[in-house]
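Asks: Have a look at this prediction, sequence included:
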Amino acid sequence: MRKTAPQRLAEREARARWELLDSLFDAWIGRANNAATLDRLGPVDPLNAAEVSRALKADITGPFADLTRETQGRIKAALTVLATSDGAEFREYWLDLRAPFGTTEADADAIFPVVARTFGVKLPDTPPGG
C-alpha cells in the first residue's frame with residue numbers, strides 16, 4: 001500500500017527526532033554495555049527518578065551544554081513533541097538505543113519524565129491517554 005504525503009511527513013519528522021535524541025544521548029551510543037560506562041554510572045534503577053537523574057547528569061547534561069543553542073532548542077522541541085505523545089515513540093527509541101539501564105517499556109515510561117524535566121521540558125498535566 002502506498003503511503004500518503006502526511007504519513008511520509010510523519011515518518012520523516014520521527015526520524016529527525018531520533019537523530020536529535022542521538023545527539024543528546026551520544027555519550028551512550030555504542031557504549032551502552034561497555035563495562036567502563038556501567039562501572040562509572042554504578043547501579044541505576046530505571047524506576048528511581050533520582051538514580052536516572054544522577055546518570056543523566058553524569059554523562060548527558062555536560063555534552064548537552066556544549067551543543068549550540070540551536071541544537072539545544074531543537075532537542076527540547078523534539079522532547080516537547082514526545083511529551084505530548086502516547087509514549088510509544090520514546091519507548092521504541094530508548095529500547096533501540098540500548099542505554100546502560102532500562103530495558104523494558106515500563107522502564108522507558110519511567111525514564112522519559114526525568115529526561116524531559118532534566119532538559120526543561122514541561123510535561124502535560126494529564127498523561128497521554130489519561
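Replies: Happy to help now that I have it.
Asks: For the protein, just list every one of the helices.
Replies: Counting by DSSP state H, the chain has helices at residues 5-24, 35-41, 49-59, 61-66, 69-83, 88-97, 105-118.
Asks: Show me what the last one is in contact with.
Replies: Helix 105-118 is contacted by residues 46-47, 49, 52-53, 56-57, 60-61, 79, 82-83, 87, 90-91, 94-95, 101-102, 122-123 when judged by Cβ atoms under 8 Å, 6 or more residues apart in numbering. Where C-beta positions appear, they are placed from N, C-alpha and C, glycine not excepted.
Asks: buried stuff in that helix?
Replies: By neighbour count with 16 or more other Cβ atoms under 10 Å, helix 105-118 contains the buried residues 107-118.
Asks: what's the answer for the fifth one, then?
Replies: Of the residues in helix 69-83, those buried under the neighbour-count criterion (16+ other Cβ under 10 Å) are 72, 74-76, 78-80, 82-83.
Asks: tell me the angle of it relative to helix 88-97?
Replies: Relative orientation of helix 69-83 versus helix 88-97 (axes from the mean of the first three to the mean of the last three Cα atoms, to 10 degrees): 110 degrees.
Asks: Give me the number of neighbouring residues for the residue lying closest to Thr80 once chain neighbours are set aside.
Replies: Leaving aside its chain neighbours, Thr80 sits nearest to Val121 (5.3 Å; criterion: Cβ to Cβ, 6 or more residues apart in numbering). Look at Val121: counted by other Cβ atoms under 10 Å, it has 20 neighbours.
Asks: Over to Asp45?
Replies: Neighbour count of Asp45, defined by other Cβ under 10 Å: 13.
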